[in-house]
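Asks: quick one: sequence and predicted model below, then my questions.
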Amino acid sequence: MLKIGDKAPDFKLLSDSGREVTLKKLKGHKVVLYFYPKDNTSGCTKEACDFKDSIKIFEKKETVVIGVSKDSVESHKNFKSKFELPFTLLSDESAKMLKDYGVWKEKSMYGRKYMGIERSTFLIDEKGKIREIWNNVKVPGHIEDILSKI
C-alpha cells in the first residue's frame with residue numbers, strides 16, 4: 001500500500017493520442033494522477049469536467065493533470081474529444097499501473113463482486129514523491145481539496 005512520502009511507481013502507458021507517457025519524463029513537474037472507473041459514465045464525466053473547468057488554476061500552479069482508467073486508447077480519444085478535455089488520459093488495459101498504485105480493488109454491486117478501479121487521486125511532487133493520496137473519492141468538492149494541497 002502506497003503512502004505519503006513514498007516514491008511514486010513509474011509507469012509506461014499509451015495516452016489518448018497514442019503517445020507513450022512515463023512518470024520519469026514528468027520529473028520536475030507536479031503531477032495530479034487521478035484514477036477513474038470508466039469513460040462516459042456519469043461520475044467519471046463529472047470528475048473529468050471538473051478538472052477541465054479548473055485546468056487554468058492547475059497550470060498556474062505548474063501542475064500536470066493526468067487521468068487513468070482501463071479503457072482503450074480509442075475510448076479515451078472519443079471521451080476526450082466529446083468533452084473537450086484539455087489534459088492527457090492514459091490507458092492501462094493490463095491493470096499493471098492500477099495494481100502498482102493500489103487502486104484495482106474488489107468491488108460489489110447488487111451483491112455481485114467484481115474487480116474495478118476505486119476512484120483515487122495522487123499528488124506527486126517534482127521529485128517523484130507522493131505528497132497526497134485521496135482514496136474512494138467523492139467527486140463534489142474534490143478539485144477544491146486537491147488545489148488546497150498544491
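Replies: Good, I have the coordinates. These numbers were taken from a predicted model, which means no experiment stands behind them.

Asks: show me what contacts the nearest residue to Val31 once chain neighbours are set aside?
Replies: With sequence-adjacent residues excluded and distances taken as CB to CB, 6 or more residues apart in numbering, Val31 is closest to Ile124, at 4.3 Å. All C-beta atoms are positioned from the backbone trio N, CA, C, and that covers glycine. Listed by CB atoms under 8 Å, 6 or more residues apart in numbering, the contact set of Ile124 reads Ala8, Leu23, Leu26, Lys30, Val31, Val32, Leu33, Ile130, Arg131.

Asks: what's opposite Ile124 in the beta bridge?
Replies: Following DSSP bridges, Ile124 is listed with bridge partners Val31, Ile130.

Asks: do the one 10 residues further on as well
Replies: Assessed by DSSP bridges, Trp134 has beta-bridge partners Thr121.

Asks: the nearest residue to Leu89 once chain neighbours are set aside: how many residues sit nearby?
Replies: Spatially, and ignoring its direct neighbours in sequence, Leu89 is nearest to His76 (4.0 Å; CB to CB, 6+ apart). Counted with other CB atoms under 10 Å, residues neighbouring His76 total 24.

Asks: now do Gly128
Replies: When neighbours are counted by other CB under 10 Å, Gly128 comes out with 17.

Asks: and stretch 44-61, what's buried?
Replies: Cys44, Thr45, Glu47, Ala48, Asp50, Phe51, Lys52, Phe58 (16 or more other CB atoms under 10 Å).

Asks: surely the second one touches Phe83?
Replies: By that I understand Thr45. Yes: the criterion here is CB atoms under 8 Å, and Thr45 meets it with Phe83 at 6.5 Å.

Asks: helices of the protein, start to end?
Replies: Per DSSP state H, the chain carries helices over the ranges 42-53, 55-60, 73-83, 96-100, 142-149.

Asks: ok, Lys30 - contacts?
Replies: Applying CB under 8 Å, 6+ apart, the residues near Lys30 are Lys61, Glu62, Thr63, Val64, Leu123, Ile124, Asp125, Glu126, Ile150.

Asks: buried subset of those?
Replies: Neighbour-count burial (16+ other CB under 10 Å) applied to the contacts of Lys30 gives Thr63, Val64, Leu123, Ile124, Asp125, Ile150.
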